[in-house]
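1. let's see this in three dimensions:
(one chain, ligands or ions: 2)
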Amino acid sequence: MDNNVIITGENISKIYQNGKNESFPALDNVSIEIPRSKLTIIKGRSGSGKTTLINMLSGLDSPTSGTIRMNDVCINEMNINELEDYRRIHMGFVFQSVALFPIMSAYENVDFALRLADYKDNRDERIKEAMSMVGIEERMKHNPEEMSGGEQQRVAIARAIAPKPDVVFADEPTGALDTENGIKVVSLFKHLIEKEGITIIMTTHDPGLMQMGDRVLEMNDGKIINIIDND
Ligand SMILES: Nc1ncnc2c1ncn2[C@@H]1O[C@H](COP(=O)(O)OP(=O)(O)OP(=O)(O)O)[C@@H](O)[C@H]1O
Ligand SMILES: [Mg+2]
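-> Ligands and ions are numbered 1, 2, ... in the order given. Model (predicted):
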């Protein structure tokens, strides 16, 4: 495998059955390569298959047919336990609805992720480092409800990157933010890629953000209809 490519998806299809037993191809024979240590942005209108694709690439959902390899490991051949173990170590997630634990402080939320990932080095040091990378170290002791939406999203990003995953998957991470704060989040992603060498794949609806990707994939009707490389 080309070392500049971290994920290869080949001929991925996902067919959903609706209530009337009709089949609907949410992904139609998609083949893609995700470049390592870059920001890949998936855009496309609502219903075009962005979430379905990102969920296939992370193994959160399994394809009807096709293969997904990450670092030369075939993730769609793993059983559920193997996949969970692999995900804990190698993948991070950021969602539109931030999903921090409300009764834990920002610090404790990040610490929780490190414990889950079995992080071996000094956790306290890494939490503070991750908090400072996202610019939220002053809010460390605050609970999520004491922070703005943008600040909560930055904590969620710190939590996703703290265990040093290979890849962070972010489905509409700026969906609850205005464009200005969305740009801050995407700029932060680019900073983290440079600093930590991680790979980030995100989806967005926001035309103000789309061109910020190193690679931009455009989807329509379950297919990738355009690929733009900006670097
Ligand atoms: N569990 C499901 N069962 C049946 N159809 C589904 C299911 N999940 C998604 N779909 C359909 O698959 C298509 C792609 O959905 P997907 O969520 O990937 O779109 P999307 O591009 O992420 O849209 P949005 O921008 O609104 O988030 C849609 O037409 C959707 O209705
Ligand atoms: Mg979606």
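2. all contacts plus neighbour counts: C-alpha atoms, from now on.
-> Will do.
3. how much space between the most centrally placed residue in the chain and Leu60?
-> Nearest residue to the geometric centre of the chain (Cα atoms, centre = their mean): Phe169, 1.1 Å. Distance, Phe169 to Leu60, by Cα to Cα, to the nearest Å: 10 Å.
4. ok, back up a step: now for the helix or strand hosting the residue nearest to the centre of the chain, which elements pack on it?
-> Using DSSP states H and E, Phe169 sits in strand 167-171. Strand 167-171 is packed against helix 50-57, strand 91-95, strand 199-203, with contacts defined by 3 or more Cα pairs under 8 Å, 6 or more residues apart in numbering; DSSP states H and E.
5. so what strands line up beside the last one?
-> When sheet partners are counted by DSSP bridges, strand 199-203 sits next to strand 39-44 (parallel), strand 167-171 (parallel).
6. how about a markdown table for those strands, with distance to ligand 1 and mean pLDDT added?
-> Below are the strands paired with strand 199-203 laid out as a markdown table (distance: least, Cα to the nearest ligand atom, whole Å; pLDDT from 0 to 100):
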| stretch | distance to ligand 1 | mean pLDDT |
| --- | --- | --- |
| strand 39-44 | 6 | 96 |
| strand 167-171 | 8 | 96 |
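7. dump those strands into JSON lines; add distance to Ala158 as well.
-> Compiled in JSON lines, the strands paired with strand 199-203 are given as follows (distance: least, Cα to Cα, whole Å):
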{"stretch": "strand 39-44", "distance to Ala158": "17"}
{"stretch": "strand 167-171", "distance to Ala158": "11"}
